[in-house]
Structures are given as C-alpha cells and as structure tokens.
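Visitor: Dropping the sequence and predicted coords here.
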Amino acid sequence: QVQLVESGGGLVQAGGSLRLSCAASGNIFKIDAMDWYRQAPGKQREVVANITSGGSTNYADSVKGRFTISRDNAKNVAFLQMNSLKPDDTAVYYCNAEVVLYGEGIYRRINSWGQGTQVTVSS
C-alpha cells in the first residue's frame, strides 16, 4: 500500500504565495509521474501540473508562469510552488502518483491519490 499526504494549504490574499507538499510512503519501489490536481466547488477536478521521474514538467495554461512543480525522488516528495495567486485558484488541491510497489517478490503498479489540501485565495 501507499499513502500520499498533502500539506501546505491555507488562506492567502491575492498576489500571495503558498508551497504545497506531497509526501508518499509505503512499500515504494519507485514513483513515476506525480501530478497536482485541483477541484473548485461545483467544478470538475482538473490537472494543474505534472512531473516525470526525470523531471520533465507540464502545466495547465491557467497556471503557467505562476506555479512550479518539483520533486525530490530520494524522499518521495513532490512540491507545488504557487505564486501570484488569484481568487480563481481557490480549490482543494490533490496529489496523484503512479507508484510501483514491491513486496513479497512482486512488483505492482498503482495509481494513488492524497486526501487533498484546501487553498483559499481572498480578493
């Protein structure tokens, strides 16, 4: 099994910054892609940014130039640095990861979600 735990959310004024963290734990052999999603009230969950194990990144158009995704492969942690925040960025932010587990001689690939962390940007 694997657990993803997000942290770093909170209330911030427009123009401010927050840094989210996502820590993975469990019988992890390796983690491939790690993604950040968000879901605003009444809206569908959308991908914000993703990063491969090699460090290649992609961003939603709405956050390009403002958000930066990064990861520490040795610690199985991903980060989302969010700058110049806008009220439209208000949402619950979720971490998602493609994880290869190893246990009892078996490798198993799973997709795992964290519980989410609330980000609220006031105008």
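Guide: Happy to help now that I have it.
Visitor: burial count for the closest residue to residue 13 other than its chain neighbours?
Guide: Take residue 13 and drop its neighbours on the chain: the residue closest to it by CB to CB, 6 or more residues apart in numbering is residue 122, 5.4 Å away. All C-beta spots, glycine's among them, are computed from the backbone N, C-alpha and C. Applying other CB atoms under 10 Å, we find 11 other residues in the vicinity of residue 122.
Visitor: do residue 84 as well
Guide: Under the neighbour criterion other CB under 10 Å, residue 84 is assigned a count of 13.
Visitor: pretty sure it contacts residue 13?
Guide: No - the pair residue 84 and residue 13 does not pass the contact test of CB atoms under 8 Å, sitting 11.4 Å apart.
Visitor: what's the spacing between the residue nearest to residue 13 and residue 90?
Guide: 9 Å (CB to CB, to the nearest Å).
Visitor: again, but for residue 1
Guide: Counting by CB to CB, the gap between residue 1 and residue 90 amounts to 31 Å.
Visitor: try residue 39
Guide: Taking CB to CB as the criterion, residue 39 is separated from residue 90 by 11 Å.
Visitor: So for these two, which residue has more residues nearby?
Guide: Comparing residue 39 with residue 90 by other CB under 10 Å, the one with more neighbours is residue 90, at 18 against 14.
Visitor: could I get stretch 48-66 in CSV with only the CA atoms?
Guide: As requested, the backbone C-alpha atoms of stretch 48-66 are provided in CSV (Å, rounded to 0.1, in the frame of the first residue of the first chain):
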residue,chain,number,x,y,z
VAL,A,48,-2.7,21.6,-12.6
ALA,A,49,0.8,20.3,-13.2
ASN,A,50,2.7,17.1,-13.6
ILE,A,51,6.3,16.0,-13.4
THR,A,52,8.0,12.8,-14.5
SER,A,53,10.7,10.9,-12.6
GLY,A,54,13.2,12.5,-14.9
GLY,A,55,12.0,16.0,-14.1
SER,A,56,10.0,16.9,-17.2
THR,A,57,7.1,19.1,-16.4
ASN,A,58,3.8,20.2,-17.9
TYR,A,59,1.4,22.9,-16.7
ALA,A,60,-2.2,23.9,-17.3
ASP,A,61,-2.4,27.2,-19.2
SER,A,62,-4.1,28.9,-16.3
VAL,A,63,-1.1,28.4,-14.0
LYS,A,64,1.9,28.7,-16.4
GLY,A,65,4.4,31.2,-15.2
ARG,A,66,3.0,31.3,-11.7
